[in-house]
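S.K.: Sequence plus predicted model, see below.
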Amino acid sequence: MLTGKREKSMRGGITPRQVEIIRAVVSEYILTGEPVGSKALVEKFDLKCSSATVRKEMSLLEQLGFLRSPHTSAGRVPTDLAIRLYAEELIQLYHITLTEKAKLEEFYAKAQLQMDKLLSATAQMLAATSKAVGVVLAPTSINSIIRRLELVSIADSFVLAVLVAESGNVYEKKIKLDRMITQERLYKVSRFLTENLRGYELHEIQNRGLEFLAEEENPLGEDMEVALQVAQALVYNPPHEQVYVEGETEFFRQIMQNLKDEQLAERFIEKIRNREFLIELLQEMKKREGIHLQLGIEIDGEKLEGVSIMSKAYSLGGKPMGAMGVIGPSRMAYDKLIPTLDYSSQLLSDILNQNFVPPEQGSGLPIKPEQKE
């Protein structure tokens, strides 16, 4: 199911013939990138009506907001409204061929079973398939199960906390301590935190609180304050989510030509380089079911007409853990990208569930026994 801010059908108020003309205009525009005229549509598509009739219908569709006329051409190009109608139809009708399935299965069979490499390879594959930008949002650190924690002194009283999750994902966070500490003592703090936090998700520790650490036997002496400060920073201000982005260099070279609007292209490039923008966008998209299409005019606070963002969530342990997608001009080969994105998300979820779901944990963090009166 295709979702987006305009989830209701775009067909209200237009005739089947007009839908057919929209479909033809979008198909031809995606193929050529040039304005489409009525004569070309009649010659290429079996519209069963005259060029004059198509021209009249195209004029009506322009008034309805589905088409627009560039100043330099007699032909018309589809608006984001027409692109959405076209994509809605494809998502309901698409099928993936056995050849396409086999290629994707072979790709994932050869992929390295290491979380960061797997997600990066997926972004590369999506970029190569779309000739646009491939993006994959990694699982959030707050839901990651801790395997180990390493602390590295980097400058004065600053340390780099490296959290390695059971999934293989690595999260880093720079923390300023209240006082300086040697690397040798940091090793001991790292071991203590690993021994006591291993096997639990950060959100579990948030819910339980950190008091249990202070209740453990203290092998650190005064450095227990450092351990608590590090744990506090990681648990209540967790490391930022990571997004894998591929295909930028080649895509940025093409985007200026595809959009034919220098200011719009530059604004779009700036957005792609803004990782916080991408993470926020994909966080929202991972909550959606099915393939989610968001067009530039539908992005809150943005005016990016001509831009298309298509994504789908992937799961781990039965929960949506991240999202993968393609970002590019609205003139993209949706007929190829929709089945690729849909089947890739299924394969990625299968691999993650087969290789990265740890054994069932206990019933929660240790709780201190109640004292008898």
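M.R.: Done, it's in.

S.K.: Would you mind putting the CA coordinates of stretch 124-144 into PDB?
M.R.: Taking only C-alpha atoms (Å, rounded to 0.1, in the frame of the first residue of the first chain), the coordinates of stretch 124-144 have been written out as PDB:
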ATOM      1  CA  GLN A 124      24.700   1.800  -2.500                       C
ATOM      2  CA  MET A 125      22.400  -0.600  -4.300                       C
ATOM      3  CA  LEU A 126      19.400   1.700  -4.100                       C
ATOM      4  CA  ALA A 127      21.500   4.600  -5.400                       C
ATOM      5  CA  ALA A 128      22.800   2.500  -8.400                       C
ATOM      6  CA  THR A 129      19.200   1.300  -9.200                       C
ATOM      7  CA  SER A 130      17.700   4.700  -9.100                       C
ATOM      8  CA  LYS A 131      20.600   6.900 -10.300                       C
ATOM      9  CA  ALA A 132      19.600   9.000  -7.400                       C
ATOM     10  CA  VAL A 133      20.400   9.100  -3.700                       C
ATOM     11  CA  GLY A 134      20.000   5.900  -1.700                       C
ATOM     12  CA  VAL A 135      19.400   6.300   2.000                       C
ATOM     13  CA  VAL A 136      19.100   3.800   4.900                       C
ATOM     14  CA  LEU A 137      18.300   4.800   8.500                       C
ATOM     15  CA  ALA A 138      20.100   2.500  11.000                       C
ATOM     16  CA  PRO A 139      18.200   1.200  14.100                       C
ATOM     17  CA  THR A 140      18.000   3.700  16.800                       C
ATOM     18  CA  SER A 141      20.500   3.400  19.700                       C
ATOM     19  CA  ILE A 142      17.700   3.600  22.300                       C
ATOM     20  CA  ASN A 143      16.400   0.200  21.100                       C
ATOM     21  CA  SER A 144      19.800  -1.300  20.700                       C
END
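
S.K.: buried ones in it?
M.R.: 124-127, 129-144 (16 or more other C-beta atoms under 10 Å). Yep, even glycine has a C-beta here, placed from its N, CA and C like the rest.

S.K.: For the stretch 1-150 of the chain, which residues score under the pLDDT cut-off?
M.R.: Residue ranges of the stretch 1-150 of the chain with pLDDT under 70: 1-12, 72-73.

S.K.: Can you show me the helices along it?
M.R.: Here the stretch 1-150 of the chain has its helices, by DSSP state H, counting those that start in this stretch, at 16-32, 38-44, 51-63, 80-93, 98-110, 115-130.

S.K.: R288 is nearest to which of those?
M.R.: When these are ranked by proximity to R288, the top entry is helix 80-93, at 12.7 Å, counting by C-beta to C-beta.

S.K.: next one: that closest one to chain centre, how far?
M.R.: Between the centre of helix 80-93 and the centre of its chain there are 20 Å (C-alpha atoms, centre = their mean, to the nearest Å).

S.K.: a markdown table for the helices of the stretch 1-150 of the chain, including distance to F192?
M.R.: Shown next, in a markdown table, are these (distance: least, C-beta to C-beta, whole Å):
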| stretch | distance to F192 |
| --- | --- |
| helix 16-32 | 58 |
| helix 38-44 | 71 |
| helix 51-63 | 68 |
| helix 80-93 | 51 |
| helix 98-110 | 39 |
| helix 115-130 | 26 |
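
S.K.: For A227, which of those is the nearest?
M.R.: Of all those, helix 115-130 sits nearest to A227, with 26.6 Å by C-beta to C-beta.

S.K.: quick one, phi/psi of L160?
M.R.: phi -100, psi 120 (degrees, to the nearest 10).

S.K.: Then Y94?
M.R.: Torsion angles, degrees, to the nearest 10, at Y94: phi -70, psi 160.

S.K.: how near is it to E298?
M.R.: Y94 is 21 Å from E298, where distance means C-beta to C-beta, to the nearest Å.

S.K.: Now do the same for V326: helix, strand or coil?
M.R.: Assigned by DSSP: H, G, I helix; E, B strand; the rest coil, the conformation of V326 is strand.

S.K.: count of neighbours near it?
M.R.: The local packing of V326 (other C-beta atoms under 10 Å) involves 25 other residues.

S.K.: my read: S157 touches T182, true?
M.R.: No: with contact defined as C-beta atoms under 8 Å, S157 does not count as touching T182 (11.6 Å).

S.K.: Next, A323: secondary structure please.
M.R.: strand.

S.K.: List the residues that contact the residue lying closest to S130 once chain neighbours are set aside.
M.R.: Nearest-residue entry for S130: V326, 4.4 Å, with adjacent residues in sequence omitted and distances by C-beta to C-beta, 6 or more residues apart in numbering. V326 sits next to 126-127, 129-130, 132-135, 308-311, 332, 337, 341 when contact means C-beta atoms under 8 Å, 6 or more residues apart in numbering.

S.K.: For those residues, work out which two are farthest apart.
M.R.: Largest separation among the contacts of V326 by C-beta to C-beta: T129 and I309, giving 15.4 Å.

S.K.: what's around the residue lying closest to P35 once chain neighbours are set aside, how many residues?
M.R.: Distances taken as C-beta to C-beta, 6+ apart place G75 nearest to P35, at 3.1 Å, with adjacent residues excluded. Other residues near G75 come to 20 when the count uses other C-beta under 10 Å.

S.K.: Was I right to think G75 contacts T32?
M.R.: No: contact between G75 and T32 fails when scored by C-beta under 8 Å: they sit 10.1 Å apart.

S.K.: by contact count, what packs against the helix or strand hosting D342?
M.R.: If you go by DSSP states H and E, D342 is part of helix 334-355. For helix 334-355, the packing partners by 3 or more C-beta pairs under 8 Å, 6 or more residues apart in numbering; DSSP states H and E come out as helix 80-93, helix 98-110, helix 115-130, strand 291-295, strand 307-316, strand 319-329.
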